[in-house]
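>>> Quick check, what structure comes out for this input:
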Amino acid sequence: MTATVAPATAPYRFFEVHVVRSRRLGPSMVRITFGGERLTELVSGGRDQRFKLFLPQPHQDRPVFHDTGDGWYTAWRAQDPAERAVMRSYTLREQRPASGEFDVDFALHGADPEAAVLSGGPASRWAARARPGDRLTVLAPAVEDNGGVDFRPPAGTDWILITGDETALPAIGGILAWLSPGTRAEVWIEVGHEDDRQQLPTFADAEITWLVRDPAATADHEPVLDALRAADLPEGTPYAWIAGESGTVKAVRRHLVRERGFDRRAVKFTGYWRRGATEEELLAELTAGTATNDKD
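Alright, predicted model coming up:
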């Protein structure tokens, strides 16, 4: 496989976008297609390309910013929390520059468009009710080789290991679509419902195992970890990409490094959410950490 050198921080740009259409992919996922001006300037690195998405507050028809220049983050933090845009990180599932569109898959986290009161966080609730014309703002890369791509197997990698839950499914789909023919990949995906399974096109020699959660299972039941412990993994030098619930991600990484002998430098791990914590609590922790670093 070809080695990929980590790039310097790439320039990102703000784009005003609107919903073109949406469709349910299953009980837990909705795909929303966005359009807008200047989207030919938005450049994806493929794989697990992430970007920042900004949602309006419920009483607003679009996100409100005081500054979209180099000082945007400081200005965003200083805004009244009841007025400032809700910021989330998402994966760019697919981009179609010719039509000026891109797709984002949202895990609904219990949000139901048919329910009178929606559960889930702000992004889940917004996605469940999104309609054509709804406006958002995104902060996305303007160059292909950018810091928002984490999946970077080094030279000498013989095979790929991938695990995740439904929150990682968009990134897993992007990674599999990017892999070159003949690449061996072992993939485990945990979902909440049988109907959450998706077709994941790839040229790779990929073995995909779907793990459907049992609602009656105890809280300490870990489908991905249990499956990995029982798996007969390939020989050769691996590269692992693991994402999803942070507790599960840490347990899987520990298993791969301590019990399977993976080089810790060849294990890329990301906690997309944490059991028992809301999106707002996690963002508050991140903001507080950033503020501390600013003082150092």
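
>>> got the residue ranges for the strands in the stretch 151-296 of the chain?
159-165, 184-191, 205-212, 238-245, 267-273 (DSSP state E, counting those that start in this stretch).

>>> quick one, what contacts Leu108?
27-30, 120, 124, 127-128 (C-beta atoms under 8 Å, 6 or more residues apart in numbering). Using the backbone N, CA and C atoms, a C-beta is placed for each residue, glycine as well.

>>> which one of the residues you listed sits closest to Asp226?
Ser28 (20.8 Å; C-beta to C-beta).

>>> what does the model give the closest one for pLDDT?
Here, the pLDDT recorded for Ser28 equals 92.

>>> Counting neighbours, what do you get for it?
Neighbourhood size, Ser28 [other C-beta atoms under 10 Å]: 22.

>>> pLDDT-wise, which helix or strand of the chain ranks last?
helix 279-295 (a mean of 53; mean pLDDT, DSSP states H and E).

>>> that older thread, Asp220 is nearest to which of the strands of the stretch 151-296 of the chain?
strand 238-245 (12.7 Å).

>>> ok, residues contacting the closest one?
Contacts for strand 238-245 (C-beta under 8 Å, 6+ apart): 48, 150-151, 153-154, 157-165, 167-168, 171, 175, 190, 224, 249, 252-253, 256, 262, 266-275.

>>> Would you mind listing which of those residues are buried?
By neighbour count, with 16 or more other C-beta atoms under 10 Å, these hold 48, 150-151, 153, 157, 159-165, 167-168, 171, 175, 190, 224, 249, 252-253, 256, 262, 266-274 as buried.

>>> where's Leu55 relative to Leu161, distance?
To Leu161, Leu55 is 34 Å away according to C-beta to C-beta, to the nearest Å.

>>> Test my guess that Thr40 contacts Gly100.
Yes: at 6.8 Å, Thr40 counts as touching Gly100 under the criterion of C-beta atoms under 8 Å.

>>> Got the domain ranges for the protein?
Domain ranges of the chain: 12-145, 159-273, per automatic domain parsing.

>>> Quick one: neighbours of the residue nearest to Gly45 when sequence neighbours are not counted, just the number.
Leaving aside its chain neighbours, Gly45 sits nearest to Val149 (4.1 Å; criterion: C-beta to C-beta, 6 or more residues apart in numbering). Neighbour count for Val149, taken as other C-beta under 10 Å: 25.

>>> In terms of pLDDT, where does Val149 sit?
So Val149 comes in at 97 (pLDDT).

>>> Show the contacting residues for it.
45-50.
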